[in-house]
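> Just to be clear, the model below is a prediction. Sequence and coordinates:
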Amino acid sequence: MSLDEIAELRRRLAEAEDTIRAIRQGDVDALVVGQQGETQVFEIGGGTDAYHAFMEVMNVGAAAIDQSGRILYANANLTSALGLTQNSVQGSLISEVAPMEVAEAVDHLLVPPLLGPLSTQVDFKRDGETVHYILAATPFQLSTTPAVAITFTDVTDRVRAEATEQSERAARAVIASANEAVLVCDRDGIITHANAAAHALFNGDPLGMEFAQAVPLQLPNATGLMQAEDIVFMAIQGTAVQGVEAHAPNAPKVKDFLVSAAPLRIGNDAISGCVVTMVDLSQRKEAEKQQLLLMRELDHRVKNTLALVLSISSRTLHHEDTLEGFQKAFTGRIEALAATHNLLAENSWTNLKIDDVVQSELAPFTSGVAGRLVTRDLDRLMAPRAAIAFGLVVHELATNAAKYGALSVTGGRVSVQSVPQPDGEGRFVVEWRESGGPRVEPPVRKGFGHTVIARSLQYSPTGGAEIAFEPEGLVCRISLPIEDLHN
Amino acid sequence: MTETSSPKKLILYVAGQTPKSLAAIANLRKITEEHMAGQYEVEVIDLRQNPRLAKEHSIVAIPTLVRELPVPIRKIIGDLSDVEKVLVALKVQDE
């Protein structure tokens, strides 16, 4: 044997050993076998066709990859799911062909030790749309190669349905939480949703009814052309209607509303209906009414007071001989009027207690000396009109008492009390009685004071006053108009 | 260096799309691109299509890479995932 032949034998031996070692180590997955002069290729662990065929019939996306992330096979479902062509993926790394999110998810699943089935959700964009897949990975042995089977299950519809349901739930919560009445109508103006505040507007269930039929509205500030159904119609046509004042005569509770309606667009779709909100205006309306009432009342009172002041002025002028006398008497009377006004203002122009008017008018004359003024049984209330007139009467009596009567001397006293009347008389009489003063003589002439006392309360058949000049002291019986008295 | 002028040829024997065949094709492409761009003429032979071609280089196990030129012929069995081993086998023992 030549040296060359020996070298050749050695080379072939080394090659054979190499081959055996490679087979033993699992470095190969197919063998060439010569059989009866014919050469055949046998794949270790069965042919790839079998598992390719198996993967093709799976109705989810499926891939076999080796542990480096190389795609050994990907079925048609998967290549279309990832938007790839079958030719391009076989033998490629998944990171080279799949969307980044998918590659990262697969990488994450391949982190050793890869023991059992693992799964994760992945979201990625396909044709501009976000799609959602569940990836599940299970290790398996593919002939001599450790491989991983990965399935891709499309859960896009489920995820979208969940998202839709959640946003619907959120929308419903928003409507339900609104303080204002919120109604949703479909394209035909039929109410499809109504929150709790809206339910309070009806005597029944508004759902399924036409808006205008469920909530008959009158629009006082709109022309006759505009009706409740027009608000909904305009919104459905795409024109928002804002802040129309409306009256709902049939509503069980609130009657006045500020109505707004806006077209309802879901996503970028066409208008699918409208949203109507109704804000309760009853408090505002009530406040407006009250304000109007107060302004009229104020106007009325100012006119009355001015007329009264004019009358006092001209009468005082008529009965006083000097300017000083006029000034004193006129000022006193205006002050008496002011004292009652003050009391009324403090009590928001409600009824006044008889006793309070007496005390207020007499305060300048008794100077707080105890015992000079005694009042009894004067707890009834009287209306402002009576209080003003009564205040003037008391002022005149007090002025007279201070000039000529009980209050002109120390030790003089005035008692004011209600006097019981026989049943059925329908009168309430307050008696002013002076005592401890100088002896009384009837006056020679009657001054304006007398007129004021006698006439002030005569605006009512049950009102008036009578003076008796009894020698021990002046007595005045004042009848208060029964209709202006309250308990 | 005379290497650039002398003909160089690599033949990779694979069997259809077995996992190791796929890996070997991809690995060889990567190695030639990154380490010996343009130096070798590369041929891939699918023995499933043409089993008789195995005779040419007495191929028994698949995948096998054969350096046909320059002589002497070298064989590397496996999926070529060990880059260093492949480079050593192709470059050292300069003929």
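Arrived safely.

> how about residue 61, what does it touch?
Picked chain A for this. A:Gly61 is in contact with A:Ala74, A:Asn75, A:Asn77, A:Leu78, A:Ala81, A:Leu82, A:Tyr133, A:Thr151, A:Phe152, A:Thr153, A:Asp154, counting by C-beta atoms under 8 Å, 6 or more residues apart in numbering or on different chains. No exception for glycine: its C-beta is placed from N, CA and C like everyone else's.

> hmm, I had chain B in mind actually
A:Thr19, A:Ala22, A:Ile23, A:Asp27, A:Val28, A:Ala30, A:Leu31, A:Val32, B:Ile77.

> Relative to A:Arg315, which of these is nearest.
Nearest to A:Arg315 among the contacts of B:Ala61 is A:Asp27, at 133.6 Å by C-beta to C-beta.

> Please verify my assumption that the closest one contacts B:Asp79.
Yes. Counting by C-beta atoms under 8 Å, A:Asp27 does reach B:Asp79; the two are 6.8 Å apart.

> Between the two, which contacts overlap?
With C-beta under 8 Å, 6+ apart as the test, A:Asp27 and B:Asp79 both reach B:Lys20.

> those strands in the stretch 151-300 of chain A, which residues are they?
A:181-186, A:191-194, A:241-247, A:256-265, A:271-280 (DSSP state E, counting those that start in this stretch).

> From the structure, what's the count of residues near residue 80?
No chain specified, so I'll use chain A. 13 (other C-beta atoms under 10 Å in any protein chain shown).

> if you could check chain B rather than the one you did, that'd help
Neighbour tally, B:Leu80, other C-beta under 10 Å: 25.

> same deal with the one 3 residues further on?
Other residues lying near B:Val83 total 13 when counted by other C-beta under 10 Å.

> pLDDT score assigned to B:Thr2?
If you check B:Thr2, the pLDDT there is 44.

> swap that for A:Gly224, please
66.

> and what of A:Ala196?
In this model, A:Ala196 carries a pLDDT of 82.

> and it, how far is that from A:Arg445?
77 Å (C-beta to C-beta, to the nearest Å).

> The two: which is more packed in?
A direct count of neighbours by other C-beta under 10 Å for A:Ala196 and A:Arg445 places A:Ala196 higher, at 13 against 6.

> Settle this for me: the more buried one is touching A:Ser177, isn't it.
No. With contact defined as C-beta under 8 Å, A:Ala196 does not reach A:Ser177; the gap is 9.4 Å.

> give me the low-pLDDT residue ranges for chain B?
B:1-6, B:92-95 (pLDDT under 70).

> need the strands for the stretch 351-487 of chain A, in chain order.
A:352-353, A:373-376, A:381-382, A:413-419, A:428-435, A:464-470, A:473-480, A:485-486.

> centre of the chain versus the third one, how much separation?
By that I understand strand A:381-382. Taking C-alpha atoms, centre = their mean, to the nearest Å, one finds the center of strand A:381-382 at 42 Å from the center of the full chain.

> Which strand residues bridge the residue most central in space within chain B?
Closest residue to the average C-alpha location of chain B: B:Leu65 at 3.1 Å, with C-alpha atoms, centre = their mean. In this structure, B:Leu65 bridges to B:Leu12, B:Ile76 when assessed by DSSP bridges.

> show me what contacts it?
B:Leu65 neighbours (C-beta under 8 Å, 6+ apart): B:Leu10, B:Ile11, B:Leu12, B:Tyr13, B:Ala24, B:Leu28, B:Lys75, B:Ile76, B:Ile77, B:Leu80, B:Val86.

> Hmm, the third one is touching B:Leu28, no?
In other words, B:Leu12. Yes. Counting by C-beta under 8 Å, B:Leu12 sits close enough to B:Leu28 to count as a contact (5.5 Å).

> shared neighbours, those two?
B:Val42, B:Leu65.

> Now do A:Ser367 against A:Val60, distance only.
In terms of C-beta to C-beta, A:Ser367 sits 106 Å off from A:Val60.
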